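Engineer: how would this look folded up:
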Amino acid sequence: MSTIRTIVSEHIEWRSQIFKLAKSDIIKTYSGAAFGWAWALVRPTLMIFVFWFAFTYGLRGGGPVEGYPFVLWMIPGFIAWFYMSDMLQQGAGAIRKYRFLVTKMKFPVSTIPTFISMSKLAIHLCLMVLVVAIFIVTGNFPDIYWLQLPFYMLCMVLFFTAWGLFSSMLAAMSVDFLNLVKSVTQAIFWLSGIMWDINRINSPTIQFIMHFNPVTYIATGYRNCFIYKVWFWEQPDRLLIFVFVLIVMMALAVWAYKKLIKDIPDVL
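Structural biologist: Prediction:
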């Protein structure tokens, strides 16, 4: 409990610096580019087009889902994946990227993954505005189910911020762990139902196992808002599984912080 109190107090005490560093991280990401912030929209838009074309005309697996064109079904989960994939890799490398805050300043290490998460969330919110615009332009206007989007965003931010603290602590101690995370990220993309409908899996056992994957839960949750029209409380088993996985991840983050915080400055 003392470690949890330390982490919480650090976030409260340094809250203004966290927001400033989140803004700085965004600026740093796109500084030097002629189009600046536009690249935050160009990359996902281009990838959505490529995957839509490949699945619709190449692989012939992009038929309508729940009466929606495949591209509309794909977009919500795909946009959520951009935040999740960034946090999987950049969250894990957060402390190494900002090692000068640890070695040259007395800056609370626990807050570093948090401002990285906030910077990625700001980009995610911009992309969600684009998603909403696409749905409206195609005649799919907002309805009451869209009100649960903040819930799934909160779930996503909580889990991957905790992941960022856990993984960045380990990656600060071992570059091999960071390389492992980068290696498995693409596998997670293809195994998590980002590009295919997990509801079409015939095996209830495999479906049950897949819901222990938070990427699957969040991507499906975004589609529950836009496509499936399902409230999160109508799937209590999936919600309970996610809460369990979230608690485990938070516990691992606290454990890693407690065990490694004293050694990290020397290792870096």
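Engineer: pull the helix or strand with minimum mean pLDDT from this structure.
Structural biologist: Across the helices and strands of the chain, mean pLDDT, DSSP states H and E gives its lowest value to helix 38-53, namely a mean of 74.
Engineer: And that helix, how far out from the chain middle?
Structural biologist: A distance of 17 Å separates the centroid of the chain from that of helix 38-53, by C-alpha atoms, centre = their mean, to the nearest Å.
Engineer: buried set for it?
Structural biologist: Ala40, Pro44, Ile48, Phe51, Trp52 (16 or more other C-beta atoms under 10 Å). In short, each C-beta sits where N, CA and C put it, glycine included.
Engineer: Kindly state the pLDDT recorded for the residue nearest the centre of the chain?
Structural biologist: The C-alpha lying nearest the average C-alpha coordinate of the chain belongs to Met84 (C-alpha atoms, centre = their mean; 2.2 Å). Met84 is assigned 96 on the pLDDT scale.
Engineer: Does anything pack onto the strand or helix carrying it? Which helices or strands?
Structural biologist: According to DSSP states H and E, Met84 maps onto helix 70-86. Under the contact criterion of 3 or more C-beta pairs under 8 Å, 6 or more residues apart in numbering; DSSP states H and E, helix 70-86 touches helix 38-53, helix 112-137, helix 149-173, helix 175-191, helix 214-223.
Engineer: And the next helix or strand past it?
Structural biologist: Next element after helix 70-86 (DSSP H and E): helix 94-97.
Engineer: how about that following helix as PDB, C-alpha atoms only?
Structural biologist: Only the C-alpha atoms of helix 94-97 are listed here, as PDB (Å, rounded to 0.1, in the frame of the first residue of the first chain):
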ATOM      1  CA  ALA A  94       9.200   5.400 -22.000                       C
ATOM      2  CA  ILE A  95      11.800   5.400 -19.300                       C
ATOM      3  CA  ARG A  96      14.700   4.700 -21.700                       C
ATOM      4  CA  LYS A  97      13.500   7.500 -24.000                       C
END
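Engineer: What is it packed up against?
Structural biologist: In terms of contacts (3+ C-beta pairs under 8 Å, 6+ apart), helix 94-97 is packed against helix 112-137, helix 149-173.
Engineer: Not counting it itself, show me its contacts.
Structural biologist: 90, 102, 109, 112-113, 116, 164, 168-169, 171-172, 175, 178, 264, 268 (C-beta atoms under 8 Å, 6 or more residues apart in numbering).
Engineer: try stretch 194-210
Structural biologist: 51, 55, 61, 65, 73-74, 77-78, 81, 189, 192-193, 215-216, 219-220.
Engineer: In contact with the nearest residue to Ala122 once chain neighbours are set aside, which residues?
Structural biologist: In this structure, Ala122 finds its nearest non-sequential neighbour in Ile26, 6.1 Å apart by C-beta to C-beta, 6 or more residues apart in numbering. With contact set as C-beta under 8 Å, 6+ apart, Ile26 has these partners: Ser119, Ala122, Ile123.
Engineer: Buried among these? Need that as a selection in ChimeraX.
Structural biologist: Buried residues within the contacts of Ile26, by 16+ other C-beta under 10 Å, are selected in ChimeraX with:
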select :119,123
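Engineer: Out of the contacts of Ile26, which is nearest to Trp255?
Structural biologist: Ser119 (25.7 Å; C-beta to C-beta).
Engineer: The closest one is in contact with Thr29, isn't it?
Structural biologist: Yes. Counting by C-beta atoms under 8 Å, Thr29 is a contact partner of Ser119 at 7.4 Å.
Engineer: Lowest-confidence entry in the contacts of helix 94-97?
Structural biologist: Within the contacts of helix 94-97, lowest confidence goes to Leu268 (68).
Engineer: Tell me which of the helices and strands packed on helix 94-97 sits most buried.
Structural biologist: Among the helices and strands packed on helix 94-97, ranked by average contacts under mean count of other C-beta atoms under 10 Å, first place goes to helix 149-173 (a mean of 22).
Engineer: Could you list every helix and strand that that one packs against?
Structural biologist: Helices and strands touching helix 149-173, by 3+ C-beta pairs under 8 Å, 6+ apart, are helix 70-86, helix 94-97, helix 112-137, helix 175-191, helix 214-223, helix 236-260, helix 264-267.
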